[in-house]
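> Here's a sequence, model it:
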Amino acid sequence: MEDALRTVVGPSREEAGCLSIQAFRSDRDPRLFYIHSRWVDEAAFDHHASLPHTVRFIERVQALIDHPLDVTRARLVG
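Here you go, the predicted structure:
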């Protein structure tokens with residue numbers, strides 16, 4: 001999983017609409033991984049989701065996890 005995350009984070013950072021992207025692993029449960037990313041707008045994220053490196057990442061991750069992939073879009077509070 002870490003390798004898959006490293007493979008997608010670099011190219012994603014280079015995208016014009018990416019403000020930031022980081023990958024995390026839980027300290028309490030090493031089976032849990034997270035990506036936190038910020039994009040200039042929804043269109044930039046949607047474009048990101050359609051790019052080959054992102055599509056390959058999703059395909060690779062779905063083969064590694066034992067649950068549905070959880071993608072949450074959120075807004076900053078405060």
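> quick one, phi/psi of the most centrally placed residue in the chain?
Residue closest to the mean C-alpha point of the chain, counted by Cα atoms, centre = their mean, is I35 at 4.5 Å. As for I35, its main-chain torsions (degrees, to the nearest 10) stand at phi -120, psi 130.
> my guess is it contacts C18, does it?
No: using Cβ atoms under 8 Å, I35 is not in contact with C18; the gap is 11.6 Å. All C-beta atoms are positioned from the backbone trio N, CA, C, and that covers glycine.
> Kindly state the beta-bridge partners for the residue nearest to the centre of the chain.
A23 (DSSP bridges).
> Distance check, it against G78.
22 Å (Cβ to Cβ, to the nearest Å).
> now do H67
Taking Cβ to Cβ, one finds H67 at 30 Å from G78.
> Please say which of the two ends up with more neighbours.
H67 (5 against 2; other Cβ atoms under 10 Å).
> three-state assignment of the more buried one?
At H67, secondary structure determined by DSSP: H, G, I helix; E, B strand; the rest coil is coil.
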